[in-house]
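In: my questions concern the predicted model and sequence given below.
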Amino acid sequence: MTSRRSWALLVALAALGAALIGGVGNNNASGDSPESLPHSAQSARVERALAEFPDTGVASAIAVVTRVDAGPLTEADRSAAAAAVARAVAAGAGGAGAAGGLRPAPDGGAVIGQIPVPSDLSGRALTDRIDRIRAAAHAGLPADLTLQITGGPAFAADIADSFSGADVTLLAVTALVVAVLLIITYRSPVLWLVPLLLIGAADQVASSVGIGLARLTGLTLDGSTSGITSVLVFGAGTNYALLLISRYRDELHRNPDHRAALRRAVRRAGPAILASNLTVVMALLVLLLATVPSTRSLGVFGAAGLLTALIFVLLGLPAALALCGRNIFWPFVPRPDQGDVAEEGVWHAVATRVVASPVVVAATAATVLAIFACGLFTVDIGLSQTQQFRVRAESVTGFDTLAAHFPSGSADPTVVLAQSSAAPAVTSALTGTAGVVQATPTGTSPTGLARWSVVLDAPPASDHAFTIVESLRSRLAAVPGADAVVGGGDAKAFDARSAAGHDRWVIMPLILVVVLVVLLGLLRAVPAALLLVTVTVMSAVAALGLGSWISVHAFGFPAVDTNVPLFAFLFLVALGVDYTIFLTSRAREETPAHGTEQGMVRAVSSTGAVITSAGVVLAAVFCVLGVLPLITLTQIGIVVGVGILLDTFVVRTVIIPALFAIIGSRVWWPSRLARTHTDRE
């Protein structure tokens, strides 16, 4: 590649990126929480049907007032609480309506009042409105009283506020982590800048591509989806750069012309990079078959981000390296010395010892993975609405306070809709359901839909609440002509958990099929492809077990979120196959001259350092998800980080070489490599 062509290519990439960023923008992630309800779920149907009621357009925040000393409220306390709620209504109603009276708790220790808020507010506008309500409510409140604003609008406002500036923080921390690890890897004060600048540019362009896709498809680019996409771009992009630069450095030891060495490196590493990228992209696109909207969104935006990273690495990085020459590796500039890294180094020693006792090594490593997998049996699956965030927002603490003084379900009543003609039978079914404390009719829509507010005797989003929701739906389905549907917070949580479970059983097998097809096409060897997929699944399950155990028992999270198993499995399988492709592609290249066993030893020797570096970088980048406020993202970071390290240090460098040594040349059947022989054969 000549200097003129290199400059032209870099300028073209820069111009394309600038045009996309300028024309579309690159900061449009919603502050809302991920959309976890399928549109066909009963709770989602209830939300849409509520628009028919006269009070549509109004949502209610809830003010909870208690004494600081946790004692019973006096008459003066209740008067002060009423005045505070009145101030809050005046500050936040915006023409939305008036509040009802205060409702005292059965134990006399709290009162609650409703504060109308326009339901069309979202993001910063909603946060500002809730902040104004809180300021007005607290102004003049006696020092011995505590007032907390909770409820749906307050919770949504705190979500938006918790994501405020999080994208900038995530980008800064990710870039810092990648920069530090690249400096350590390359031991050069200059080289690390080239891949980091290119991948940083790719991330900004990918953000613009995501915004454009969101506008075209109607999918939501929420804060968590945007964060995961950035992590994928930085993590995978850095891996691709590490592989290409590592191969380039090897070729510089054999060739005095750095451009010729670069061309050979691109020809050798390019197919593996392309195969690994397309594997992850196709696995992400499988998410389009999911029922959860946020899962489908991640599939589209993540795939677009990885394709963007691939373009910048395969086109931009070679052009930049061609312009810089071999001195970019200063002070450790590789010189033509015909050195063979496949016959030296610590990874050569490791691989040699592994193939010397492959059965013992494979059995020991498999036992360790099985022990790690048992961690799955020590954790619960599913976080309630108030457990989703690591930050203790006022809406969450207020929710807990309310639930402590009122019947458990009073904090977030279940909503039931049915045909008004069947109202008496529906009321009878509701009050006759075990676990229902109160069922109050709350109006009828112009289209003949009747509405009930139902208080459950169960903590919000608990297993007991889910059992009651199921029972309600079963009993109401038997009411003739009712067409009843059950919604509200508990029903939403139940529907989200059910949808996530359905997606796990549908998506996970399809991801494995995609990976198997890619490996069959790349290796053209049936035993090798089946073996590698099996080992990858073992590693992913072990990482899920160990990572979940760490998340709950070491970090103290109450449970593992329902989305974590699917997302973690996707990233562990799809990204873990990256290292499999890097390793086995090199082994396939070495096998004709050295046999299967020694070919694998040479492959481990050649790729061990770069796979280790790439694995550490990718694990660290996923752990950066912990800077975002969602527990789900922190848990994904923990599980994937643990899994990538297992892949790096155990699976790719120990288990796979041991299994290849045990099976021998038959692992390449039916390709012609099956006719090569190892020393054991």
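Out: Nice, thanks for sending it over. Numbering: from 1, shown residues only.

In: can you give me the strands for the stretch 351-500 of the chain?
Out: 414-419, 436-444, 449-456, 485-487 (DSSP state E, counting those that start in this stretch).

In: CSV for those strands, including mean neighbour count?
Out: To be clear about C-beta, it is placed using only N, CA and C from the backbone, and glycine gets the same treatment. Below are these laid out as CSV (neighbours: other C-beta atoms under 10 Å):
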stretch, mean neighbour count
strand 414-419, 24
strand 436-444, 16
strand 449-456, 22
strand 485-487, 25
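
In: now the helix or strand that contains residue 262: average pLDDT?
Out: For residue 262, the host element (DSSP states H and E) is helix 258-285. On average, the pLDDT along helix 258-285 is 89.

In: could you say what helices and strands that helix packs with?
Out: Judged by 3 or more C-beta pairs under 8 Å, 6 or more residues apart in numbering; DSSP states H and E, helix 258-285 is in contact with helix 223-252, helix 293-311, helix 317-324, helix 489-523, helix 564-623.

In: ranking these by burial, who's on top?
Out: Most buried of the helices and strands packed on helix 258-285, by mean neighbour count (mean count of other C-beta atoms under 10 Å): helix 223-252, with a mean of 26.

In: which strands or helices does it pack on?
Out: Against helix 223-252 (3+ C-beta pairs under 8 Å, 6+ apart) you get helix 166-186, helix 193-217, helix 258-285, helix 293-311, helix 317-324, helix 564-623, helix 631-646.

In: the longest one vs helix 223-252, what angle?
Out: This means helix 564-623. Here the directions of helix 564-623 and helix 223-252 differ by 60 degrees (axes from the mean of the first three to the mean of the last three C-alpha atoms, to 10 degrees).

In: kindly report the same for the third one.
Out: Following the same axes, to 10 degrees, one obtains 150 degrees for the angle between helix 258-285 and helix 223-252.

In: may I see the buried residues of helix 258-285?
Out: 258-259, 261-266, 268-270, 272-273, 275-284 (16 or more other C-beta atoms under 10 Å).

In: what's the answer for the first one, then?
Out: Using 16+ other C-beta under 10 Å as the burial criterion, the residues of helix 166-186 that qualify are 166-167, 170-171, 173-175, 177-178, 181-183, 185-186.

In: lowest-confidence one in those?
Out: Within the buried residues of helix 166-186, lowest confidence goes to residue 166 (64).

In: pLDDT at residue 244, what is it?
Out: 91.

In: nearest spatial neighbour of it, skipping sequence neighbours?
Out: residue 269 (4.9 Å; C-beta to C-beta, 6 or more residues apart in numbering).

In: residue 471 against residue 432, yeah?
Out: No. Proximity of residue 471 to residue 432 does not meet the contact threshold set by C-beta atoms under 8 Å, at 10.2 Å.

In: between these two, which one's more packed in?
Out: The neighbour comparison of residue 471 against residue 432 (other C-beta atoms under 10 Å) goes to residue 471, with 16 against 10.

In: the more buried one and residue 645, how far apart?
Out: Distance, residue 471 to residue 645, using C-beta to C-beta, to the nearest Å: 45 Å.

In: ditto for residue 128
Out: 43 Å.

In: over to residue 227?
Out: Taking C-beta to C-beta, one finds residue 227 at 21 Å from residue 645.

In: that older thread, which one of the buried residues of helix 166-186 is nearest residue 91?
Out: residue 166 (27.3 Å; C-beta to C-beta).

In: helices of the stretch 351-500 of the chain, start to end?
Out: 358-373, 394-405, 423-431, 463-477, 489-523 (DSSP state H, counting those that start in this stretch).

In: right, and these - which one's nearest residue 337?
Out: Once the helices of the stretch 351-500 of the chain are compared by C-beta to C-beta, helix 489-523 is nearest, at 31.8 Å.

In: just checking, next helix/strand downstream of the closest one?
Out: As assigned by DSSP H and E, the chain's next helix or strand after helix 489-523 is helix 526-549.

In: who are the packing partners of that following helix?
Out: helix 358-373, helix 489-523, helix 564-623, helix 631-646, helix 656-663.
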